[in-house]
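Visitor: Please find the sequence and the predicted model below.
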Amino acid sequence: MTEATKTFTVSQHDSDTSLLSESRLVEDSRRGKTAAYGELVRLYERRLVRVIGRFIADAWQVEDLAQETFLRAYTRLGQFDTSRRFGPWLFRIGVNLTLDHLRKIKRRGRMALFSESPYERSPDPSVEDPRRDLDLKQEVREVLESVPEKYRTVLVLRDLENFSTAEISGILDRKEATIRWRLAEARQRFQKLWQKRLEQSSTAASTAASTAASTAAPSQEDLR
């Protein structure tokens, strides 16, 4: 047996074991064993909070949505297919809740997409001034806001959270081919919007520099 085959076999075994363990936890939860569902919460809570935090700035709201996700998942355990992974099913509920929340905010005229996650550690003040990096992150977030939701969501889950295409397919309940197409389209749209922003920034900087130089140059009256 080759090393690659051994690695695949071990990986497949771990995956099968994990699936079996989750299925048992779900079955125990259905029977009313709260400790079993508590274990499922422990397994997924940290990443669920982080994913929601990619879309929502308010830490309290992130926690509320995470709790609501686990509550809804618990009440719908009877609908869950134990032959599948619990994670994508759980994240589908969480992502849908988050997007619904953002749509309500948008309808009320308050956009709050892709704010800096409150769960990211603040930089040490003793290190190099981070404002330039923060400005760049803010620009990236603003460009992402301009990408339509169905593309933006795939882009965040794949490129920011590193979910696989198969996992995103399960989360969004779409075929893998659709996810791959949306991801390619999302990256293309983001690239075009980013390039446009860079060009606008370059033009604005040139205009500002010309204005500053004109203002600083002495007039004929000053030279007399």
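Guide: Perfect, I can see it now. Residues are numbered from 1 along each chain as shown.
Visitor: Flag the shaky bits of this protein, pLDDT-wise.
Guide: 1-17, 109-135, 204-224 (pLDDT under 70).
Visitor: let's see it at 90
Guide: 1-23, 53-58, 82-85, 102-146, 160, 196-224 (pLDDT under 90).
Visitor: which residues of this protein fall in helices?
Guide: 3-30, 34-53, 59-75, 86-107, 131-145, 149-155, 165-172, 176-216, 220-223 (DSSP state H).
Visitor: Dump those helices to a markdown table, plus mean neighbour count.
Guide: All C-beta atoms are positioned from the backbone trio N, CA, C, and that covers glycine. As requested, the helices of the chain are exported to a markdown table (neighbours: other CB atoms under 10 Å):
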| stretch | mean neighbour count |
| --- | --- |
| helix 3-30 | 13 |
| helix 34-53 | 17 |
| helix 59-75 | 17 |
| helix 86-107 | 18 |
| helix 131-145 | 13 |
| helix 149-155 | 19 |
| helix 165-172 | 20 |
| helix 176-216 | 13 |
| helix 220-223 | 6 |
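Visitor: domain assignment for this protein?
Guide: 18-119, 134-204 (automatic domain parsing).
Visitor: how much space is there between the closest residue to Ser83 other than its chain neighbours and Ile52?
Guide: Nearest residue to Ser83, sequence neighbours excluded (CB to CB, 6 or more residues apart in numbering): Ser23, at 7.6 Å. Distance, Ser23 to Ile52, by CB to CB, to the nearest Å: 25 Å.
Visitor: Repeat that for Gln61.
Guide: 8 Å.
Visitor: Ok, Trp60 next?
Guide: Taken as CB to CB, the span from Trp60 to Ile52 is 12 Å.
Visitor: swap in Val147?
Guide: From Val147 to Ile52 the distance is 19 Å (CB to CB).
Visitor: Test my guess that the residue nearest to Ser83 contacts Thr82.
Guide: Yes. Here Ser23 lies in contact with Thr82, judged by CB atoms under 8 Å, at a distance of 4.2 Å.
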